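*Asks:* Whatever this is, show me its structure:
(2 chains)
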Amino acid sequence: MSRLYTLNIEQVTNGIKNEEFTSEEYVSQIIERIIKVDQKINSFITINDNALVQAQQIDKKIRSGSTVGSLAGIVVGIKDNISTAGLKTTCASKMLSDYVPPYDATVIKRLKDKDAIIIGKLNLDEFAMGSTTEWSSYGLTRNPWNLDYVCGGSSGGSAASVAAQLCTASLGSDTGGSVRCPASFCSVVGFKPTYGLVSRYGLVSYSNSLEQIGPIGRTVSDVKKIMEVISGKDTNDNTTIDTRNNINTNNYDPEQKNNQKIGLLRELINGADESVYQCIYSAIDKFNKFGFTYEESSLKSSEYALASYYTIATAEASSNLARFDNIRYGFELNPDDYEWNTYFSKTRGNFGDEVKRRIIVGSFVLSSGYYGKYYLKAQRVKNLIKHELKKLFKEYDLLISPTVPVLPFKIGEKIDDPLKMYLIDINTVLANLAGIPAISIPIGFKNGLPIGLQIMADEFQEKKLLDISEVIEKSININTSYPDL
Amino acid sequence: MVTKDQLKHLSKLSKIDLTENEFETYTKQIEKIIKYLDKLDEVSFEENKPSVLVSFKKLSELREDIVIEPTLNIDQIAKNLKDKFVRGPVMS
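*Replies:* Next comes the predicted model:
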C-alpha cells in the first residue's frame, strides 16, 4: 500500500492488526519519508535505529495471534528533552551532546507498553527555552507550510514532524505554550494537560511548577488516544494524580455536547493581529451553528500573566540548570587542568544565548533585595489568575482565544529581541500559571500560514475539553491536506 | 535598572562565563526584560495570599520511602571515569 504515512492512529492500528499492511511496511515508509523530507525542515535530532526491529516484533506477535497494545505499530516522535533509554537525549544543547539516558521517562514506558514505536528524537529550543525552535544547537526547524517561516516552539520539531507526516503523532512539553504555539504555527493539534495529569518523570526539568508533557497529532482524536495511554498517577512524580477519581465529569453530559457555554477572552482577542482576529470570528460563526452559546468575557489579570510567567520560569530555570556541570556528560573538556569554579564557568559558557539570558534573569529575580519585588509577586499574580479563571469557569464551560496573537513570521525576524519573542506566549501562559488544560486546533490559513484556536477548560475537565474540541474541529472542517514536501 | 557590573556579579553567581560582547548585548536585553517584569508592581492584591503550592497531595498519599538498589552500570552512563570514580576539577 502506498502513502501509509498519511494515516491516523486508528487507521494505522487497525491496518496492522487486520494485516492489511505490516508494521514493518509502515515504519519503512516513514523512515524513507524522513530521509527524503527532513533535510528540508530539520525536525529530527536522532533517529531510532531499532524502530524497524521493533516493528518486526509487532508483526511477529500479530502473526502468532498474541494480543498487542492499543497503539500497536504507530510511530511516535519524542521531543529531545524527554528521556529515552539507550537513545540520545540532548535537549538541543551542547551541554548534553553525548547524553544517553539509562532509563525511560514514564510517558515513554507507557507508550512502549502499548506497542507504540519510538521513531526518534525531535528538535526544540535548547532546554525548551524559546518560541520558534531557532535556539537549537542542532540548527533551526523550518515551518513545513513555508520553509522561510518559523515553526513555533519550543516543541517545534514535534509539531513540524507531525505536519510533515514524518510520524503518526508526537510528544512535546509545554511550560508556557511550547506544545500549543508550534501546533498553531504548523496547523496540527497540540494539547497541554492539567498539571498533575501526566507524569514529568524523565522530562529534563526547566520550570517544574508549570510544565507538562503533552501530545501533538493531526486530529483531536489522535491526541485523545495518546492521552489515554500517558495519563495517570506515577509514584515517580509526586505531583501526579489518580485519574480514576479526578477526571472530572462534573456538569458535563456527553449526550449534551452542544449545550456548552463558551467565553471568548476579550483581552486576548483584542491583542491579536487583524488576520488572526478575523479568522477566529469566522471560526466562531461556523461552530456557533452547532448550538453553543457564546459571548465575550473578560480576564483582567491576564495583563500581568506574562510578567508573572517569565519571573517564575526564569527563577526555576536558574535553579534547575545549576546541575549541568559537564563532568559526567557533555562535550570534551578535560577537567584535570582546571580549578573547580573556573571549569564550571567555562563549560557553562557553552549554553546558548537564550539559556544564558534566562539563567541570569532568574538569578536576578531571586537575588536578595529583589525576591519580594519579583518572585513573590509573580506567585501572587499566579494565584490571582487561578482565582479569576475559577470564577469564569463557574459561568463558562470553555474559554477560547487565538493560540498565538500573530501569524507565523519569517525566520530571524525576532531572534535579536528576546522581549518581542516572549510576547508570542502572551495567550498561552495563562493555562500553565493556572494549571488548567488547553488545546490548540487548526482553524484556517492566511497567505498560506496557519492559524490556531486555543480552547481552555477548568482543571481535570479534559473529557469535556477534548470532546468539544472534536465537535469544533468537525464544524470548522478546514482543508486537511498536508504540505507537499 | 540593570548595570553591566550587576550582570558580571550575576554571571559569577550562576557560574557562566560571558564574553565582553555578550555582556554588552545581554545588559541591554536583560534591562528591557526586567523593565517588562516591573509590570508586577502595578498589581493590587486584595484577598489572595502568596503561595508556591504545586502539589495537591496529603502527606499520607506519599509513596513508601524504600531504598531501590541501583541497577545501572556507571561505566556505561558517565564519562571522566577512573577506577569507578568520576574525575572532576580540583577544588582550591
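
*Asks:* check contacts around the most centrally placed residue in chain A.
*Replies:* Centroid-nearest residue in chain A, with Cα atoms, centre = their mean: A:Val179, separated by 2.2 Å. Contacts of A:Val179 were listed using Cβ atoms under 8 Å, 6 or more residues apart in numbering or on different chains, and they are A:155, A:158-159, A:172-173, A:190-192, A:214-216, A:440. Glycine gets a C-beta too; all of them are placed from N, C-alpha and C.

*Asks:* so how far is A:Glu459 from it?
*Replies:* According to Cβ to Cβ, to the nearest Å, A:Val179 stands 17 Å off from A:Glu459.

*Asks:* What about chain B: which of the contacts of A:Val179 touch it?
*Replies:* Subset of the contacts of A:Val179 in contact with chain B: empty, counting by Cβ under 8 Å from any Cβ of the partner chain.

*Asks:* List the ones among the residues you listed that fall in helices.
*Replies:* A:158-159 (DSSP state H).

*Asks:* any weak-confidence spans in the chain?
*Replies:* You didn't pick a chain, so chain A it is. Filtered on pLDDT under 70, chain A yields the residue ranges A:243-252, A:254, A:479-480.

*Asks:* Switch to chain B, please.
*Replies:* Within chain B, the segments meeting pLDDT under 70 span B:46-60, B:76.

*Asks:* ok but A:Thr347 is inside a helix, no?
*Replies:* Yes. According to DSSP: H, G, I helix; E, B strand; the rest coil, A:Thr347 belongs to a helix.

*Asks:* I'd guessed it sits against A:Tyr329; true?
*Replies:* No. Using Cβ atoms under 8 Å, A:Thr347 makes no contact with A:Tyr329, being 11.3 Å away.

*Asks:* more neighbours, those two?
*Replies:* Neighbours per residue (other Cβ atoms under 10 Å in any protein chain shown) separate A:Thr347 from A:Tyr329, with A:Thr347 holding more: 24 against 19.

*Asks:* biggest separation within the contacts of A:Val179, which pair?
*Replies:* A:Ser173 and A:Ser440 (14.6 Å; Cβ to Cβ).

*Asks:* Which one's more surrounded, the two?
*Replies:* Taking other Cβ under 10 Å, A:Ser173 and A:Ser440 do not tie; A:Ser440 has more neighbours (36 against 26).

*Asks:* ok now do the more buried one, which residues does it touch?
*Replies:* A:179-181, A:183-184, A:189-191, A:403, A:452-454.

*Asks:* And B:Glu24, by the same measure?
*Replies:* By Cβ under 8 Å, 6+ apart, the contact set of B:Glu24 is B:Lys4.

*Asks:* Excluding residues flanking it in the chain, which one is nearest residue 19?
*Replies:* As the question left the chain open, I've gone with chain A. A:Ile62 (6.7 Å; Cβ to Cβ, 6 or more residues apart in numbering or on different chains).

*Asks:* That was the other one, I meant chain B.
*Replies:* Using Cβ to Cβ, 6+ apart, the nearest residue to B:Thr19 is A:Gly349, at 7.9 Å.

*Asks:* So what's the residue count around that neighbour?
*Replies:* Counted with other Cβ under 10 Å, A:Gly349 comes out at 15.

*Asks:* do A:Lys390 as well
*Replies:* When neighbours are counted by other Cβ under 10 Å, A:Lys390 comes out with 13.

*Asks:* and the gap between it and A:Gly176?
*Replies:* Computed as Cβ to Cβ, the A:Lys390 to A:Gly176 distance reads 20 Å.

*Asks:* Over to A:Glu332?
*Replies:* A:Glu332 is 34 Å from A:Gly176, by Cβ to Cβ.

*Asks:* Of the two, which one has the most company?
*Replies:* More crowded of A:Glu332 and A:Gly176, by other Cβ under 10 Å: A:Gly176, with 31 against 9.

*Asks:* Spit out the contact partners of the more buried one.
*Replies:* A:Gly176 sits next to A:207, A:210, A:309, A:313, A:425, A:428-429, A:432 when contact means Cβ under 8 Å, 6+ apart.

*Asks:* let's see it at 10 Å
*Replies:* Contact partners of A:Gly176, counting by Cβ atoms under 10 Å, 6 or more residues apart in numbering or on different chains, are A:128-129, A:131, A:154, A:192, A:206-207, A:210-211, A:305-306, A:309-310, A:312-313, A:422, A:424-426, A:428-433.

*Asks:* re earlier: give me the contact list for the helix or strand containing the residue nearest to A:Glu19.
*Replies:* Using DSSP states H and E, A:Ile62 falls within helix A:51-63. With Cβ under 10 Å, 6+ apart as the test, helix A:51-63 has contacts from A:16-19, A:21-28, A:30-31, A:48, A:50, A:66-69, A:72-73, A:75, A:112, A:115-120.
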